[in-house]
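*Asks:* how does the following fold in three dimensions:
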Amino acid sequence: MSTHLNTETEQPNAGPGARKKLWPLQKRLQVILVTAIAALGIPLAIAFNGAQIEQQAQMPRPAKANAAQFIEVSVVPVQAASYRAEVTGYGEAKAEYQLALSTEISGRVESLSPQFVSGQQLRQGDVLAALDQTDYRQALASAQAAVAEAQLALLEEQRQGEQARAEWQQSGLSGAPDSPLVLREPQLQAAEANLVKAREQLAAAQRDLDNTVLRAPFDALVVSRDIQPGSYLQAGTQVAMLYSSQRLEIEIPLSASQWQNLPAPASLDAEPWPVLLQSAESQQQWPAYVTRVSQHLASDSRQRSLVVTVDTPLALPTPLYPGTFTSARISGREVDDVWKIPTSAITQSGYFWLVDEQQQLQTRPATVVFAKGNDSYVRPPAGLSSGQVVVRPLNTYLAGMRVNARLEEKS
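*Replies:* Numbers count the residues shown, from 1 in each chain. All right, here's what the predicted structure looks like:
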């Protein structure tokens, strides 16, 4: 080998034939060199891999996952059962009667009652104000005189008629007179009509005189007074705004689904159906009952209303004032096969989360039948009669996620 290499080195000027003979020998040397390197690298690779395997074997293996490593969720057990529905609506308390009281006659205000001020309660018939009566007393006297004259005229005509009838009979003529004027029948009818007219005028004059004293038409609350002493009133002038104080009514619009949770309208009207009212601004509550059911849909809301009534609202221990905005909790019918779950368990998307037997999360749509307080009553998912519902779901939950379920403690 050394000889050939030296020969090639010492003969750089050798011809092309000599160089061709040297190429196979050079290739064989390269193959031998590569093979030797590879043979030397295999034991090294085996030794390296063995060291790595031994090192991995000596490293501690991770422990298997346990329940403590899963996120903890609070759940409540649920079971399909029957519950009495409750419907909640909203409305404003309004007086049964809201009257803009006006005068029927003209006249000057002579006096006002001390009770005729805003905020005061009046009984039916209480005096509010008095108008000048001079002209109306004169009118009444004239009407009385007219009645007396009409009565006298009627008596005279009756006597003249009797005399005419007697004269006709004494005349010896047979049959009836050619004209009813002979027996003064039209004259008698005119006298009778004049008396009726005079009496009607007398009644009108008396009514006008009575109207000079303004009285409360019903038990009322004075909302506003629009006249002062010395004011001159024309017929039809508004005197005051009065709200009846015996009853308040609250009109509660309800959706079609809410009506389905109530008994038939005939049952609501047949007996006082209980309702609990609560102020929208405080925790004050008042008992009420259903008075009537609307039989039409409102054009603006496309809903049908239930009318709720409160008797003697201002005499209650906690008065209910007109204009109070209230919520109404109406007892409904019995609903079968529903789950009672916390309202907090329902997400903004309308779903709730269940924990199945494998402690995995599953999501289901919440079909809410009705709500009561902090609870919602939903239809169970198909094929389930019981389960565990997550009380406060998070946005990070994923279906199939393993969790550690913990029963919610009752407060």
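*Asks:* residue boundaries of the helices in the stretch 201-350 of the chain?
*Replies:* 256-260, 265-270 (DSSP state H, counting those that start in this stretch).
*Asks:* now the last one - C-alpha only, CSV.
*Replies:* The reference is to helix 265-270. The C-alpha coordinates for helix 265-270 follow below in CSV (Å, rounded to 0.1, in the frame of the first residue of the first chain):
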residue,chain,number,x,y,z
PRO,A,265,-110.1,32.0,33.4
ALA,A,266,-113.4,30.7,34.7
SER,A,267,-111.6,29.4,37.8
LEU,A,268,-109.9,32.7,38.4
ASP,A,269,-113.2,34.6,38.2
ALA,A,270,-115.2,32.1,40.3
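*Asks:* list the contacts of that helix.
*Replies:* By C-beta atoms under 8 Å, 6 or more residues apart in numbering, the surrounding residues in contact with helix 265-270 are 262, 273, 290, 292, 293, 306. Any C-beta I mention is one placed from the backbone N, CA and C, and that applies to glycine too.
*Asks:* which one (most neighbours) among those residues?
*Replies:* When neighbours are counted by other C-beta atoms under 10 Å, residue 306 leads those with 26 neighbours.
*Asks:* mind listing which of the contacts of helix 265-270 are in strands?
*Replies:* Residues of these located in strands (DSSP state E): 290, 292, 293, 306.
*Asks:* for the third one, name its beta-bridge partners.
*Replies:* Meaning residue 293. Applying DSSP bridges to residue 293 yields these beta-bridge partners: residue 306.
*Asks:* ok, now how distant is it from residue 372?
*Replies:* Residue 293 sits 22 Å away from residue 372, going by C-beta to C-beta, to the nearest Å.
*Asks:* show me the contacts for the residue nearest to residue 213 when sequence neighbours are not counted.
*Replies:* The shortest distance from residue 213 to any non-neighbouring residue, by C-beta to C-beta, 6 or more residues apart in numbering, is to residue 130 (5.2 Å). Residue 130 makes contact with 109, 110, 111, 212, 213, 214 under the criterion C-beta under 8 Å, 6+ apart.
*Asks:* can I get stretch 192-211 as CSV, trimmed to CA atoms?
*Replies:* Only the C-alpha atoms of stretch 192-211 are listed here, as CSV (Å, rounded to 0.1, in the frame of the first residue of the first chain):
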residue,chain,number,x,y,z
GLU,A,192,-151.7,69.1,31.7
ALA,A,193,-148.6,69.4,29.5
ASN,A,194,-147.8,72.9,30.9
LEU,A,195,-147.9,71.5,34.4
VAL,A,196,-145.5,68.8,33.5
LYS,A,197,-143.2,71.3,31.9
ALA,A,198,-143.3,73.6,34.9
ARG,A,199,-142.5,70.7,37.3
GLU,A,200,-139.5,69.8,35.1
GLN,A,201,-138.3,73.3,35.2
LEU,A,202,-138.7,73.3,39.0
ALA,A,203,-136.7,70.1,39.3
ALA,A,204,-133.9,71.7,37.1
ALA,A,205,-133.9,74.8,39.2
GLN,A,206,-133.6,72.8,42.3
ARG,A,207,-130.8,70.7,40.8
ASP,A,208,-128.9,73.8,39.9
LEU,A,209,-129.3,75.2,43.4
ASP,A,210,-128.1,71.9,44.8
ASN,A,211,-125.1,72.0,42.5
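*Asks:* quick check: mean pLDDT across that stretch?
*Replies:* On average, the pLDDT along stretch 192-211 is 96.
*Asks:* now stretch 123-130
*Replies:* 96.
*Asks:* return it as CSV; C-alpha atoms alone will do.
*Replies:* Taking C-alpha atoms only, stretch 123-130 is exported to CSV below (Å, rounded to 0.1, in the frame of the first residue of the first chain):
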residue,chain,number,x,y,z
ARG,A,123,-116.0,60.5,52.4
GLN,A,124,-118.8,60.3,49.8
GLY,A,125,-121.0,63.4,50.2
ASP,A,126,-118.4,65.6,52.0
VAL,A,127,-118.6,69.3,51.0
LEU,A,128,-115.8,70.5,48.8
ALA,A,129,-116.8,74.1,48.0
ALA,A,130,-119.9,76.4,47.9
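*Asks:* that one: how far from the chain's middle?
*Replies:* Distance, stretch centre to chain centre, for stretch 123-130: 39 Å (C-alpha atoms, centre = their mean, to the nearest Å).
*Asks:* check stretch 365-382 too.
*Replies:* Here stretch 365-382 is found 18 Å from its chain centre; the criterion is C-alpha atoms, centre = their mean.
*Asks:* next, the buried residues of that stretch.
*Replies:* Neighbour-count burial for stretch 365-382 flags 366, 368-372, 375-381 (criterion: 16 or more other C-beta atoms under 10 Å).
*Asks:* pLDDT and secondary structure for these - can I get that in a markdown table?
*Replies:* A markdown table is the format used below for those (pLDDT from 0 to 100; DSSP: H, G, I helix; E, B strand; the rest coil):
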| residue | pLDDT | secondary structure |
| --- | --- | --- |
| 366 | 94 | coil |
| 368 | 92 | strand |
| 369 | 90 | strand |
| 370 | 89 | strand |
| 371 | 89 | strand |
| 372 | 87 | strand |
| 375 | 93 | strand |
| 376 | 94 | strand |
| 377 | 94 | strand |
| 378 | 95 | strand |
| 379 | 94 | coil |
| 380 | 94 | coil |
| 381 | 93 | coil |
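*Asks:* quick revisit: among the contacts of residue 130, which are located in strands?
*Replies:* Residues of the contacts of residue 130 located in strands (DSSP E): 109, 110, 111, 213, 214.
*Asks:* buried subset of those residues?
*Replies:* Among the ones in strands among the contacts of residue 130, the ones that count as buried (16+ other C-beta under 10 Å) are 109, 214.
*Asks:* the strands in the stretch 201-350 of the chain, which residues?
*Replies:* 213-215, 220-225, 232-233, 238-244, 247-254, 274-279, 285-293, 304-311, 325-342 (DSSP state E, counting those that start in this stretch).
*Asks:* and the ones you listed as TSV, adding distance to residue 79?
*Replies:* Converted to TSV, the strands of the stretch 201-350 of the chain look like this (distance: least, C-beta to C-beta, whole Å):
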stretch	distance to residue 79
strand 213-215	64
strand 220-225	51
strand 232-233	71
strand 238-244	50
strand 247-254	29
strand 274-279	27
strand 285-293	31
strand 304-311	32
strand 325-342	8
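*Asks:* walk me through the domains of the chain.
*Replies:* 2-58, 74-82+335-407, 87-95+247-334, 98-243 (automatic domain parsing).
*Asks:* done for today, thanks.
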